[in-house]
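Undergrad: Below are the sequence and a predicted model for it; my questions follow.
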Amino acid sequence: MKIIQLVTSRKFRGAEISAKLLSERLISYGHEVWFVGLYLNENMDVLSVNGGVNLDLSKRKKGGIDFNLLFEFKQIVNKVRPDIIQANGSDTFKYASLGLFGNNKPKLVYRNISIMSHWIRARVLVKSFYMILAKRVDCFVSVGQLASDDLQVLLQLPPDKFFVVKRGIVAESVDKIKSRADLVEKYSIQSNDFILIQLGSLSKEKRIDFSLELVRKLKEGNKAIKLLVVGDGPERKRLKKKVENLKIDQEVIFTKSINNPQNYLAGADLLLMTSEIEGVPGVVIEAGFQKTPSLGVNVGGVREVIIQEKTGVLMDSHSISSFEESISDLMINKEKLLELGENAQSFAKQNHDIDTNSRKFETLYFKLLNSTD
């Protein structure tokens, strides 16, 4: 098969990394893959697929519909003549659907990574526009059941167009003791500190500000705590200023984005997941592979990967006191923390193996190509 994997930009982010991992597996199965970014990634770290064709369509993102970008997309489709195009989140839905209207080939798959109704909200015109575009999509593949159900209700399409394929993660388990020792040395962390980690884009919906308030509360309770904030984004400057204002600069450590975060996740005691909304957060699975459990708010598809009191702890709301109580409990109850970590690793291996889930995509592609619709 010839397959185009379309991403918003070839950056080290959740949807793009998932598309890269899938692409490399598909190539290993004997397929040809073009890994295409809508917008050029101007940073030093550009995500590429080994063995595939890597390219970008536009130098920068513009508001509304960029007709030059749409023309470039059509040109690539005409040149490659793919069997399958998979659009992976965000603007890829818009451009792939528009670019293929009136064209029955290739088959178009949309990979849904989020709770779409959350960001469409009550924008009636946007919803109507997406319902029209959705008619050109052959099937929708979501990372979790909640995200899939939400999409079906939103787009009002037949249930046989919706599928769930879980995130496939490539994550070798690393030595937790060595990883912790490396973090202690690199960031001057005390050996008895309880290490929290928050990893991802520093954007408003991630609610890192909540985590900072939590650290201040834990500090007031004389808890030996450190929070590693791993990532970059538009909120970074404001968050660092908040750390100064809260006088927790000795407890909070900011790092840049890390392409291979396994050692950071393995070295931490607990992952924090405080987002306002999530599809199925891949970082929880990655942490699980490293025997690091998670503490998170029960929003979106978080409960599909944080199994209450088995692989982590779920909170009903953004309650500082509830989070503080759970962390304090896990700081004392080391056996419980260890058990949650072991369970998290077992769950990740059983449900998020990269090869198993990549084969599900391959099977779906063949099914689409063999259909008579």
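TA: Here it is on my side, so go on. Residues are numbered from 1 along each chain as shown.
Undergrad: Would you list the phi and psi of Ile65?
TA: phi -110, psi 120 (degrees, to the nearest 10).
Undergrad: I should have written Ser319 there, sorry.
TA: Torsion angles, degrees, to the nearest 10, at Ser319: phi -110, psi 110.
Undergrad: Neighbours of it, how many?
TA: For Ser319, the tally of surrounding residues (other C-beta atoms under 10 Å) stands at 14. C-beta: built from backbone N, CA, C; applies to glycine.
Undergrad: One more: Asn103?
TA: Neighbours around Asn103, by other C-beta under 10 Å: 12.
Undergrad: now Ser257
TA: Look at Ser257: counted by other C-beta under 10 Å, it has 18 neighbours.
Undergrad: can you check Leu265 too?
TA: 26.
Undergrad: In which helix or strand does it reside?
TA: Here Leu265, judged by DSSP states H and E, is contained in helix 262-267.
Undergrad: List the buried residues for stretch 219-234?
TA: Residues of stretch 219-234 classed as buried under the neighbour-count rule (16 or more other C-beta atoms under 10 Å) are 219, 223, 225-231.
Undergrad: And stretch 196-210, by the same measure?
TA: By neighbour count with 16+ other C-beta under 10 Å, stretch 196-210 contains the buried residues 196-202, 206-208, 210.
Undergrad: Now the next helix or strand after the helix holding Leu265: average pLDDT?
TA: Where DSSP H and E defines the elements, the next helix or strand beyond helix 262-267 is strand 270-273. Average pLDDT, strand 270-273: 98.
Undergrad: for the chain, what spans make up the helices?
TA: With helices called from DSSP state H, the chain shows them at 14-28, 67-80, 92-100, 116-120, 124-134, 145-155, 176-186, 208-220, 236-246, 262-267, 282-289, 320-332, 334-351, 354-370.
Undergrad: and the longest one, what's its mean pLDDT?
TA: In this model, helix 334-351 has a mean pLDDT of 96.
Undergrad: before we move on, what about the fifth one?
TA: Mean pLDDT, helix 124-134: 90.
Undergrad: List the contacts of Val49.
TA: By C-beta atoms under 8 Å, 6 or more residues apart in numbering, the contact list for Val49 reads 5, 20, 23-24, 27, 33, 35.
Undergrad: which of those residues lies closest to Ile277?
TA: Taking C-beta to C-beta as the measure, Ile277 sits nearest to Lys20 out of these, at 23.9 Å.
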